[in-house]
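> sequence plus the predicted model coming up.
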Amino acid sequence: MSIERTVAELIRKAYEKLKASDAEGAAALLEEALQIDFDNEETKHALKCVNWWIEHTARIEEMRNPYEKGGYILSRLKQYYLFLESVAPYGAPDGGGNFDQCQYAIRRYVFSGALHCFNDLLGDGVNQHDPGLLLLVGRCYKGIGNYDEALRYLEQAVRFKREDGEVLADLADVNAMLGNHLEAKALFREAFFLNPEKIDLRGMESEMILRLRDKLVQEKNYREEELREWMPVYGRIWGVFPVTRELKPIEFGRLKQSIFTMETECRGNPGQSALLKPRLINRYFWLIDHYENTRDDSDLIEEVRLKIKVTDPEIYELYVK
């Protein structure tokens with residue numbers, strides 16, 4: 001067997017170990033592969049990733065509470081994403097050099113480990129009405145690729161947290177993975193309207209979101225916090241989020257009030273315009289869509305369009321063409 005095939009087989013076996021929650025076994029196989037071919041980039045990358053998780057979850061055995069254990073594992077993800085940024089920039093044209101098979105195995109390792117902890121809490125049914133736990137369990141099932149179970153738990157979580165963008169985004173992502181695209185688009189639009197800052201783009205899997213994210217990263221070079229704010233704006237313009245709805249009277253009142261507040265903030269705090277402007281424009285879009293769905297006076301629609309033109313002429317031209 002050639003050196004290349006031997007190394008490839010060791011890497012494959014290491015990923016299987018990782019997916020089976022054996023990080024130490026995976027690291028041993030990768031060390032063996034590295035001794036055979038020290039210049040193999042995937043081996044070096046995978047070993048760095050596996051060792052990162054071994055190091056950063058070392059203290060988990062000291063914890064006794066299952067919820068604390070599972071939460072601790074998932075809380076490491078943000079730090080891990082920063083680590084990946086240091087290895088290869090997020091959104092790089094080549095995929096960031098993160099090696100998809102490696103990252104898939106890492107995801108299985110992380111989410112299956114956390115799920116094991118949370119399932120201990122769900123066993124007796126006492127915690128079946130805890131929205132925070134339901135969200136985490138649903139997210140874990142999504143992370144290991146069991147989208148049917150993920151859908152079940154996330155739908156339960158949404159019953160308790162109907163206006164939480166974080167929960168809606170995960171539910172939208174799972175719907176997209178199951179082929180429920182219209183539902184996914186509607187949910188994503190709601191999520192980005194409610195709490196764009198809470199949406200974990202690194203945790204999204206659906207193609208519609210990944211393509212939108214990558215296109216904006218490559219064309220606009222937005223920072224991540226800006227990216228989350230601009231995604232619903234360009235998603236509406238480019239037809240990614242075409243689903244609109246008529247607002248309830250209380251929602252319409254809240255929308256008008258939030259627009260007035262943001263307009264005031266934009267005028268008084270230009271230093272925050274990078275984040276406030278796209279959020280305000282997205283609200284203008286929602287207002288126009290509401291007027292169109294209720295067949296309100298066209299003068300009202302034109303008034304809002306002019307506000308978009310004043311706020312961002314480039315976005316206005318893309319929107320009306």
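Everything's here; your move. Numbering: from 1, shown residues only.
> return the set of buried residues in whichever strand or helix holds Glu317.
For Glu317, the element it lies in under DSSP states H and E is helix 313-320. Residues of helix 313-320 classed as buried: Ile315, Tyr316, Tyr319 (neighbour count, 16 or more other Cβ atoms under 10 Å). (Each C-beta comes from the backbone N, C-alpha and C, glycine too.)
> from Ile237, how far off is the second one?
When you say that, I think you mean Tyr316. 10 Å (Cβ to Cβ, to the nearest Å).
> identify the contacts common to the two.
When contacts are counted by Cβ atoms under 8 Å, 6 or more residues apart in numbering, the set common to Tyr316 and Ile237 is empty.
> what's around Gln128, how many residues?
13 (other Cβ atoms under 10 Å).
> spit out the contact partners of the nearest residue to Glu32 once chain neighbours are set aside.
In this structure, Glu32 finds its nearest non-sequential neighbour in Leu10, 5.7 Å apart by Cβ to Cβ, 6 or more residues apart in numbering. Residues in contact with Leu10 (Cβ under 8 Å, 6+ apart) are Leu29, Leu30, Glu32, Ala33, Ile36, Thr43.
> and those, which are buried?
Applying 16+ other Cβ under 10 Å to those, the neighbour count classes Leu29, Leu30, Ala33, Thr43 as buried.
> and the nearest residue to the third one once chain neighbours are set aside, what helix or strand is that in?
Taking Cβ to Cβ, 6+ apart as the measure, Ala33 lies nearest to Leu10, with 3.9 Å between them; neighbours along the chain are not counted. Mapping Leu10 onto the secondary structure by DSSP H and E places it in helix 3-19.
> before we move on, the earlier item: in TSV, list the buried ones among the contacts of Leu10 along with distance to Arg108 and secondary structure.
Listed next are the buried ones among the contacts of Leu10 as TSV, based on distance: Cβ to Cβ, whole Å; DSSP: H, G, I helix; E, B strand; the rest coil:
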residue	distance to Arg108	secondary structure
Leu29	16	helix
Leu30	16	helix
Ala33	19	helix
Thr43	19	helix
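> OK, contacts around Phe188?
By Cβ under 8 Å, 6+ apart, the neighbours of Phe188 are Leu168, Ala169, Ala172, Asp173, Ala176, Met208, Ile209, Gly235, Phe241.
> kindly report the same for Lys78.
Contacts of Lys78 by Cβ under 8 Å, 6+ apart: none found.
> what helix or strand does it sit in?
helix 66-87.
> tell me the mean pLDDT for that helix?
In this model, helix 66-87 carries a mean pLDDT of 91.
> can you list the weak-confidence ranges in the stretch 1-150 of the chain?
The model of the stretch 1-150 of the chain has pLDDT under 70 over residues 1, 88-98, 123-127.
> restricted to helices, list the contacts of Phe188.
Counted as lying in helices by DSSP state H, out of the contacts of Phe188, are Leu168, Ala169, Ala172, Asp173, Ala176, Met208, Ile209, Gly235.
> please name the residues that touch the last one.
To tie it back to what came earlier, the one meant is Gly235. Phe188, Arg189, Phe192, Leu212, Phe241.
> scan those and report the most crowded one.
Phe188 (30 neighbours).
> buried stuff in whichever strand or helix holds it?
Following DSSP H and E, one finds Phe188 within helix 181-194. With burial defined by 16+ other Cβ under 10 Å, the residues of helix 181-194 counted as buried are Glu183, Ala184, Lys185, Ala186, Leu187, Phe188, Arg189, Glu190, Ala191, Phe192, Phe193, Leu194.
> how about the last one: what's its closest non-neighbour residue?
Read that as Leu194. Nearest to Leu194 is Gly165, by Cβ to Cβ, 6+ apart, at 3.9 Å.
> also the third one?
Spatial nearest neighbour of Lys185, chain neighbours left out: Val243 (5.0 Å); criterion: Cβ to Cβ, 6+ apart.
> and Tyr109, how far is that from Ala28?
15 Å.
> wait, I meant Glu55
Look at Glu55 and Ala28: by Cβ to Cβ, they are 15 Å apart.
> look at the residue sitting nearest the centre point of the chain and report its pLDDT.
Central residue of the chain (Cα atoms, centre = their mean): Leu201, 2.8 Å from the mean position. pLDDT, Leu201: 91.
> for it, what are its contacts?
Counting by Cβ under 8 Å, 6+ apart, Leu201 makes contact with Ile209, Arg213, Glu224, Leu227, Arg228.
> from those, which has minimum pLDDT?
Per-residue pLDDT puts Glu224 lowest of the contacts of Leu201, at 85.
> measure that residue to Asp312 for me?
In terms of Cβ to Cβ, Glu224 sits 20 Å off from Asp312.
> the two: which has the busier surroundings?
The residue with more neighbours, out of Glu224 and Asp312, is Asp312; 18 against 14, by other Cβ under 10 Å.
> how about the contacts of Phe188 in CSV, adding distance to Ile308?
Formatted as CSV, those follow (distance: Cβ to Cβ, whole Å):
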residue, distance to Ile308
Leu168, 25
Ala169, 25
Ala172, 25
Asp173, 29
Ala176, 28
Met208, 24
Ile209, 24
Gly235, 15
Phe241, 16
